[in-house]
Structures are given as structure tokens and as C-alpha cells.
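Q: Give me the fold of what follows.
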Amino acid sequence: MTTVNDATAGARAPGASRTFWELVEARAALTPDRPVLLQGDRSLTFGELRERAERTAAGLYGMGVRAGTVVAWQLPTRLETAVLSFALTRLGAVQTPLIPFYRDREVRFALRESGAAFCAVPGVWRGFDHTAMAERIAAELPDPPHVFEAYDVLPDGDPAILPPPPEPSLGEEVRWIYWTSGTTSDPKGVLHTDRSLIAAGSCLAHALRLSPDDVGSMAFPYAHVAGPDYTVTLLLYGFPAVMFEHFALPDALAEYRRHGVTVAGGSTAFYAMFLAEQRKAPDRPLIPSLRLLAGGGAPKPPELYHAVVREMGVRLTHGYGMTEVPMITMGRPDDTAEHLALTEGRPPAGMEIRITDEHGVPLPYGAEGEVRLRGEAVCRGYLDPEATAAAFDAEGFLITGDLGRLRESGHLTLTGRLKDIIIRKGENISAKEIEDLLHTHPAVADAAVIGLPDPERGERVCAVIEQPPGAPVLTLEAVAAHLRAAGLSVHKVPERLELLDALPRNETLRKVLKYRLRERFGG
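A: I've put the predicted structure just below:
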């Protein structure tokens, strides 16, 4: 088997690559006939990925796409989407992926702010006409992008017309614009280079100890920043992944079993979904080939870690990332159970983590403070220069707004976000501390704790709980008793309880949207 360190037949090793296209060419030269992407009855080898991407690049070139041309694409997780994305890297275009569930507001903002000259859409997808939306928005813009469909038929041409691949220049040119969620304000365009995304993907691949014998999975939108992040792992280690155009359990289980998936996950919500399915048939493995669940996107409750390991019989490694820095830390399979349960893992070489007070002064190991980051995987800023200036401190560290503690071993524990700190009668209360304890109650499937305005106390603590099917209905008194028995200080115990059939989540990594809960219950 050929791994990242092999360089047989004079081929350049993938690990030495500085751009995505170099990575594709290096892997295709090493293992051209091994599969890279699997979807239903279809598959694509590394060699076919290179060849199809070059033909699509030639088709795009014939349409007028050149190095530096901004191309937006709003496409589902499909083989064709990956081919189109790599075709754009072959040309040196700047691509701005858009989550397929975005609608007029987000798409209009992204097309206008990025100055996209082209926009690829899937046509009618899952009952929604993306072509009509994109053309309607384009007609409103002073420099309308050319809208074209790229669901199952891609632009095609003779690669002989292509100019040489752009000079790598150490991969430092901005080639990617990703978008923050923009839940309460306009989204921000996050600027990435090939080098920053490759650095993030390398961290993930090396931390998970992946091998060519693994089979991965993409249950998240390929348009999410996790798309290239995960694809880097495939190219570095030469193993395939199963793509899900629409992920839902239990429907997706047949594909996991069919292809022998060994590594699955996505985020905390995905762990919980797999665990819920396992509990329907606790006496047999949910996915017999599965050895590892891995992901990030949101902090995981320690109880969820222990339940997955105990009931599913697999390892679980969790990481920390964001659109601005796709991979910051990652748990490793050989970490201790304590580290895997209570931390988000360690950073790779080249990632600096600094814990600071509110003034940016560094704090010692073990102290809680704001997480700041500097390293190769950090974005180059935002489209808006003012947003960039506000996001970085004087020493070039990205100010995340997350709170955490750093151990001397390098392991990071996230304790919440600054905006998730509830101030009740002048006392700071961590929402995450309460959420972790709520997850230990058997009648709690998921929980979100928010602060609601209170004229006397400043804020009051509200627990919003999603219960598992068939669980007895929880009361505020029962929740309070459970938390007090778990050792929670009296002043942190929730004063209000709300029960929902399902917590509101985004469509990417299934993060809970707390702003919606504040809007709903804060009146």
C-alpha cells in the first residue's frame, strides 16, 4: 500500500504538495487505480479524478474561466461537485462554495461581495429551483455572473487547450472564499489559500492515524469548509470516502455497510444520531466495519463520548475547528480516555494556541480565558478589511471568541463562548458546564442552555431540552434536582425549562442555533 511517505516511480509525494492540484497529480501518479470517491453504484479513482477534472477545466476555460476568476458554486455532495472543484484548482480560479440550503439573502450577499463572474447550480434540487433563484439574483447585480447548471453534466473540453497549471508560489494566493453562517448579521467572506486548507487537512489525517485500508465518509455538505479539509486526507493517504448527497439515518446505514466504512462522523450531533440507532439494536454492531467516529464543529459532552465507546464499541476522537481555521486541534486514537472525553485534542506542529484574559494578556496553563490562534491553517482574513482588522490582535493571533483551558500536555478544553456566558446577579455562568451535566440525565437527548433577559437579575438561566423517544416528560423540579445532585452550584441551576421535539440546527454540521432559542423564548 502506498502512503504519504512513499514516492515510488519518481512521483512527487502528496505530502510535499503546496497546492490542491499538485496534491491531485501526486496521488494520481502513485495510485491511479485506487478509488477515491464512492456514491451509490458510481465510483471515481484517483486517476479518473485527475482526468475528469482536466476535461472539466478545459470546458470551463472555453467558457472564459481563467486564473483568478471568481466562480461561485452551490452544489450538493456529489462526484461531479468534487470534479468541478478540482477543475477550478487546475485553472487557479478563486472558488466560493455556497451551502445548497442557502437561499436568496445569503446567495445574493455572497455573489455581490465576492464579485463572482460565474455561478454553478444544480437546477431543481430537492424541490427547489436553484437556477431560477441564481438568475433572479444575477439580474439584480450590476455585474451579473453567468449562471450554469452542473449537477450531472459538467463543462467538457480538450485538455490540450489548457495553459500550464498556475505557479504554486508556495500556495499563498487566496483561492477560496467561504462564508460564515450570518445568522444574526450579514455573513463574512473568509479568505483561504491552498496552503491553509492543506495544513488543516494534514492535521486531521495525521492525528487520526488513517491508512490506505480505511474507508471514510462525507455525510456533510461538500460546500462546507470540511469538504476540502477531508479531501486532503484522501489524497494524502490514498483511501476512499463514501459521499452522501442527502444524509439521514437510518436510510444511510445501508451505504455504510455496503462499502465497509471504517471511519465516520461529522460532528457531535452525528455521534448522537449513530448512538440512537445503535440503541435500537444494542446486541449487534450498527456498522460492523466501523472502528472510529471522528469530527468536530461543536464541543462534545463527556457523557456522549463514554456512551459511544461503551455501547458502539468504537473509538471516538473529537476536534476543534471553524470556518476561519478548519482544524485547530484533534484527538488521537492513542490519547487517554480522559483526554478524549474531556478535551478537543492537541494542535499540530505549526499551530499556536494562546489563552488570554479580556485584554489579550497570555494566561498560564490551566487558566480559563479566550482562545487565540496563529498558524498555517488560519485564514488570511475576510473580504471586508475592517472585519479582518477586528479579528486579529497586534501579534497576528486570530481572536476566536471561544473560551478554554490549555493543559501542559497541549490538550485544549473548550469551556464555552464569550456570548454563551450568562451573567446572573453579576456572576458568570458557563452554559456548557450546565449542558454537560444535563447530558448525563437519561431523559435528555440534547440540551442547550441560554441566558434570557431579567430586569432584576440581569439574566436568568433557561434550559431547552430535546428528549429521546419514549422518555418521561421532564419537569423543572426534576432537572434542578438532577443538577444539584451532580454538584452544580445553586446559583447556576436553571430557573426555566423548555421542552422541544427538536432543537433548531443548521444544515451543515447540525450545530444548535441558540439565537433562534433566544428569539423564541426571550420575549
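Q: middle-most residue in this protein, spatially?
A: For the chain, Ala226 is the residue whose C-alpha lies nearest the centre (CA atoms, centre = their mean; 4.2 Å).
Q: Give me the spatial nearest neighbour of it, chain neighbours excluded.
A: Spatial nearest neighbour of Ala226, excluding adjacent residues (CB to CB, 6 or more residues apart in numbering): Phe220 at 5.4 Å. The way it works is simple: take the backbone N, C-alpha and C, and place the C-beta from them, glycine included.
Q: same deal with Phe86?
A: Leaving aside its sequence neighbours, Phe86 sits nearest to Ala53 (CB to CB, 6+ apart; 4.0 Å).
Q: pretty sure the one you found is touching Glu80, no?
A: No. In this structure Ala53 lies outside contact range of Glu80 using CB atoms under 8 Å: 10.8 Å.
Q: So if I had to pick from those two, which one is more boxed in?
A: Neighbours were tallied for Ala53 and for Glu80 using other CB atoms under 10 Å; the higher tally belongs to Ala53 (28 against 21).
Q: and the gap between that one and Asp41?
A: 21 Å (CB to CB, to the nearest Å).
Q: ok, longest helix in the chain?
A: Scanning the chain for the helix with the most residues, using DSSP state H, yields helix 46-63.
Q: Please compute how far whichever helix or strand comes after that one lies from its chain's middle.
A: Beyond helix 46-63 in the direction of the C-terminus, DSSP states H and E gives the next helix or strand as strand 70-73. Offset of strand 70-73 from its chain centre (CA atoms, centre = their mean, to the nearest Å): 20 Å.
Q: partner strands of strand 70-73, parallel or antiparallel?
A: Strand 70-73 has the following sheet partners, assigned by DSSP bridges: strand 94-97 (parallel), strand 118-121 (parallel).
Q: if we compare these, which one ends up closest to Pro302?
A: For Pro302, the closest of the strands paired with strand 70-73 is strand 94-97, at 33.4 Å, according to CB to CB.
Q: In the helix or strand following the closest one, which residues are buried?
A: Sequence-wise, the next helix or strand downstream of strand 94-97 (DSSP H and E) is helix 104-114. By 16 or more other CB atoms under 10 Å, the buried positions in helix 104-114 come out as 106-111, 113-114.
Q: Stretch 168-177 now?
A: Buried, per 16+ other CB under 10 Å, within stretch 168-177: 168, 171, 173-177.
Q: Equivalent analysis for stretch 297-310, please.
A: The neighbour-count check on stretch 297-310 (16+ other CB under 10 Å) flags 297-305, 307-309 as buried.
Q: hang on, the earlier thing: any idea which of the strands paired with strand 70-73 is most buried?
A: strand 118-121 (a mean of 26; mean count of other CB atoms under 10 Å).
Q: who does the helix or strand hosting Thr131 touch, helix- and strand-wise?
A: Taking DSSP H and E as the criterion, Thr131 maps to helix 130-140. Judged by 3 or more CB pairs under 8 Å, 6 or more residues apart in numbering; DSSP states H and E, the packing partners of helix 130-140 are helix 104-114, strand 118-121, strand 146-149.
Q: Repeat the analysis, applying 6 Å as the threshold.
A: On a contact count with 3 or more CB pairs under 6 Å, 6 or more residues apart in numbering; DSSP states H and E, helix 130-140 meets strand 118-121, strand 146-149.
Q: so which of those strands gets nearest Leu474?
A: strand 118-121 (44.0 Å).
Q: and the closest one, what's its mean pLDDT?
A: The average pLDDT within strand 118-121 is 98.
Q: what sits up against that strand?
A: For strand 118-121, contacts defined as CB atoms under 6 Å, 6 or more residues apart in numbering pick out 71-74, 130-131, 134, 145-150.
Q: will you turn those residues into TSV that also has distance to Leu30, neighbour count and pLDDT?
A: Shown next, in TSV, are the contacts of strand 118-121 (distance: CB to CB, whole Å; neighbours: other CB atoms under 10 Å; pLDDT from 0 to 100):
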residue	distance to Leu30	neighbour count	pLDDT
Val71	29	26	98
Ala72	32	24	98
Trp73	28	23	98
Gln74	33	27	98
His130	37	26	97
Thr131	39	18	98
Ala134	38	25	97
Pro145	37	22	98
His146	37	14	98
Val147	38	22	98
Phe148	33	18	98
Glu149	34	16	98
Ala150	29	25	98
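Q: okay if I get those residues as JSON lines plus distance to Pro250?
A: Below are the contacts of strand 118-121 laid out as JSON lines (distance: CB to CB, whole Å):
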{"residue": "Val71", "distance to Pro250": "37"}
{"residue": "Ala72", "distance to Pro250": "34"}
{"residue": "Trp73", "distance to Pro250": "30"}
{"residue": "Gln74", "distance to Pro250": "28"}
{"residue": "His130", "distance to Pro250": "28"}
{"residue": "Thr131", "distance to Pro250": "33"}
{"residue": "Ala134", "distance to Pro250": "34"}
{"residue": "Pro145", "distance to Pro250": "40"}
{"residue": "His146", "distance to Pro250": "41"}
{"residue": "Val147", "distance to Pro250": "37"}
{"residue": "Phe148", "distance to Pro250": "36"}
{"residue": "Glu149", "distance to Pro250": "32"}
{"residue": "Ala150", "distance to Pro250": "31"}
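Q: burial measure for Pro364, as a count.
A: If you count neighbours by other CB under 10 Å, Pro364 ends up with 9.
Q: Which phi and psi values does it adopt?
A: phi -70, psi 170 (degrees, to the nearest 10).
Q: how near is it to His339?
A: From Pro364 to His339 the distance is 20 Å (CB to CB).
Q: Can you give me the domain assignment for this structure?
A: The chain breaks down by automatic domain parsing into domains covering 18-195, 248-417, 425-521.
Q: how far does the shortest one stretch from start to finish?
A: The reference is to domain 425-521. One end of domain 425-521 sits 20 Å from the other (CA to CA, to the nearest Å).
Q: just to revisit the earlier point, let me have the buried residues of stretch 168-177 in TSV, extended by distance to Gly345.
A: What follows is the buried residues of stretch 168-177, written out as TSV (distance: CB to CB, whole Å):
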residue	distance to Gly345
Pro168	30
Gly171	25
Glu173	30
Val174	28
Arg175	28
Trp176	24
Ile177	28
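Q: Looking at the residues you listed, spot the one nearest Ile328.
A: Nearest to Ile328 among the buried residues of stretch 168-177 is Trp176, at 17.6 Å by CB to CB.
Q: now that closest one, which residues is it bridged with?
A: As for beta bridges, Trp176 partners with Gln95, His192 under DSSP bridges.
Q: Now do the same for it: its pLDDT.
A: Taking Trp176 on its own, its pLDDT is 98.
Q: Cross-check the contact I'm expecting between it and His192.
A: Yes. Using CB atoms under 6 Å, Trp176 is in contact with His192, at 4.0 Å.
Q: Leu497 is in contact with Val461, correct?
A: No. Between Val461 and Leu497 there is no contact under CB under 6 Å: 10.0 Å.
Q: Those two: which is more packed in?
A: Between Val461 and Leu497, counted using other CB under 10 Å, Val461 has the larger neighbour count: 21 against 16.
Q: if we can go back for a sec, right, so of the domains of the chain, which gets closest to Leu234?
A: Closest of those to Leu234 is domain 18-195, at 5.5 Å (criterion: CB to CB).
Q: any idea whether Leu403 is helix, strand or coil?
A: Look at Leu403: counting by DSSP: H, G, I helix; E, B strand; the rest coil, its state is strand.
Q: Same check on Arg520?
A: Following three-state DSSP, Arg520 is assigned to helix.
Q: All set, thanks.
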